[in-house]
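>>> Sequence plus the predicted model coming up.
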Amino acid sequence: MNPFQNTTIVLGVTGSIAAYKSAALASQLYQLGAHVHVAMTDAAAHFVGPLTFESVTHRPVLRDVLALTAESEIEHVTFAKRAQLIIIAPATANTLAKLAHGFANDVLSAIVLDTRAPVLLAPAMETGMWENPATQENLETLKRRGMFVLEPGAGNLASGAQGKGRMAEPNEIVGQARRILARNGPLAGKRVVITAGGTQEAIDPVRVISNYSSGKMGYALADEALARGAEVSLITSVDDLPVPFGAKITRVVSTQDLLNAVLQEMCGADMLIMAAAPADFRPASRADQKIKKEAAAELTIPLVRNPDILGEVARIRTEQPHAAPRRVVGFAAETHDLLANARRKLERKRLDMIVANPVPQTFGSDIVQATLLKQDGSELDLPPMPKAELASVILDQIG
Ligand code: CTP
């Protein structure tokens, strides 16, 4: 699900050096399928030329509060009505003051005053301006009226100083925009817990037992659930994938850590999707010091069983149904007898659905083949597809 597809977005650009990043933002929104109309103030046009935005959005830039459309309609009125989301990035201190006080003397402030669409502000300014009570009070006023504010970060500022006031990065702005657009999506109001990646079991201070799981499936599911409006808790053992904006992230290492995090996060959750590949065994003991090869010609490491997390969830679902998620989805990664093994796991772990994947070809790949098996006995055999697409089918099917 792509909440940006065919969505009309007005991107307001005001006079700050951060305006150069807005070209990347405009391009990203356009590539996501949005109809992007840039409205620039005169000050913004000193930093970046309108042609830059026209080139990436393929639409004329709105500059003049008195301009008419080709159909002789008042441009700012047309876009105030047509916009489904207004993003102002960068939003200067001056713009925040104007919006807080209801000015409408440029095309952007006129659109904002007239619109019923949600407004997302990404302020950018010097730290002194940001901290000034005038700015903070204006922001409070705008938040109270329902505008969304993506706080600036700390770092290098236009003046060369360091401090708070840097505009949020385009990726964050797109992530927050996605949350706003998805707020009435099919999973709005639902809490979804998703696990991702293979766990690691320590042998000694420098070695682990692990597996090839990349975490990509879990991250694709988190992205998809966010795009459908869910509140997402992502429990992950990987740190080399971009964090899905808006997800609550819990980092884990071992299967025991994962169990603890799942038990904590699943309280009050509507859905648990176990895309992680937890190690089933761990060394019976972890050596305190690095194991030296001179000590022996061969090395045998005794392993003990790790808890079965979905087994534990199944027990809780039976004994205290109110404390467990309404829907639980598992994965079955199998080298042989894929469907028979998957169905056994579906029953044993009391799942609503299991996603059966052949391994090793699934691990790390962007394209995946899967069969979905449900509690009611139905099977859905899917052709190979990108993990993002499979995530969408899984969420469609689990409902
Ligand atoms: N799983 C779990 N706890 C474990 C191991 C796996 O909750 N200790 C979950 C996985 O996240 C997955 C499902 O159980 O959703 C099936 O995992 P898989 O590794 O295929 O099966 P196992 O139960 O570990 O059985 P086996 O390794 O013997 O095939």
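Thanks, I have the structure now.
>>> Please report the distance of residue 63 from the ligand.
Taking CB to the nearest ligand atom, to the nearest Å as the measure, residue 63 and the ligand are separated by 54 Å. C-betas here are computed from N, CA, C, even on glycine.
>>> Count the neighbours of that residue for me.
18 (other CB atoms under 10 Å).
>>> for the one 3 residues further on, same thing?
Residue 66: 9 surrounding residues under other CB under 10 Å.
>>> Over to the one 3 residues further on?
By the measure other CB under 10 Å, the count of residues near residue 69 is 14.
>>> just checking, it touches residue 81?
No. With contacts counted by CB atoms under 8 Å, residue 69 stays clear of residue 81, the gap being 11.7 Å.
>>> which bits of the stretch 151-300 of the chain sit near the ligand?
255, 274, 276, 277, 278, 280 (CB under 6 Å from any ligand atom).
>>> Tell me which of the residues you listed fall in helices.
If you go by DSSP state H, these have residue 255 in helices.
>>> Which ones among the residues of the stretch 151-300 of the chain next to the ligand map onto strands?
Using DSSP state E, residue 274 are the members of those that sit in strands.
>>> In JSON lines, list the residues of the stretch 151-300 of the chain next to the ligand along with pLDDT.
As requested, these are exported to JSON lines (pLDDT from 0 to 100):
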{"residue": "255", "pLDDT": "98"}
{"residue": "274", "pLDDT": "98"}
{"residue": "276", "pLDDT": "98"}
{"residue": "277", "pLDDT": "96"}
{"residue": "278", "pLDDT": "97"}
{"residue": "280", "pLDDT": "97"}
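>>> May I see the PyMOL selection of the buried members of the residues of the stretch 151-300 of the chain next to the ligand?
Here is the PyMOL command that selects the buried residues among those (16 or more other CB atoms under 10 Å):
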select buried, resi 255+274+276+277+278
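>>> Would you check which pair of the residues of the stretch 151-300 of the chain next to the ligand lies furthest apart?
Spatial extent of those (CB to CB) is set by the pair 274 and 280 at 13.4 Å.
>>> Closest residue of the stretch 101-250 of the chain to the ligand?
With CB to the nearest ligand atom, the shortest gap between the stretch 101-250 of the chain and the ligand falls at residue 195, namely 6.4 Å.
>>> got the contact list for the residue nearest to that residue when sequence neighbours are not counted?
Using CB to CB, 6 or more residues apart in numbering and skipping residues adjacent in sequence, the residue nearest residue 195 is residue 276, 3.6 Å away. Contacts for residue 276 (CB atoms under 8 Å, 6 or more residues apart in numbering) come out as 195, 196, 197, 198, 199, 213, 215, 218, 235, 236, 237, 258.
>>> hang on, the earlier thing: shared neighbours, residue 69 and residue 81?
With CB under 8 Å, 6+ apart as the test, residue 69 and residue 81 reach no residue in common.
>>> Report how many residues lie close to residue 265.
Residues lying near residue 265 (other CB under 10 Å) number 21.
>>> Return the mean pLDDT over stretch 332-346, rounded to an integer.
Taken as a whole, stretch 332-346 has a mean pLDDT of 94.
>>> repeat for stretch 370-379
In this model, stretch 370-379 has an average pLDDT of 96.
>>> Touching that stretch from outside, list them.
With CB under 8 Å, 6+ apart, stretch 370-379 has contacts from 338-339, 342-343, 346, 351-357, 380-382, 390, 393-394, 397.
>>> what's in contact with the strand or helix carrying residue 225?
Element membership of residue 225 [criterion: DSSP states H and E] is helix 216-227. Residues outside helix 216-227 that contact it (CB under 8 Å, 6+ apart) are 1-3, 175, 178-179, 182, 185, 187, 192, 194-197, 232, 234, 236, 241-242, 244-247, 273, 275-276, 331, 362, 364, 366, 368, 387-388, 390-392, 394-395.
>>> In PyMOL, how would I select just the buried ones from the residues you listed?
Restricted to buried positions by 16+ other CB under 10 Å, the PyMOL selection for those reads:
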select buried, resi 1+2+3+175+178+179+182+185+187+192+194+195+196+197+232+234+236+241+244+245+246+247+273+275+276+331+362+368+387+388+390+391+392+394+395
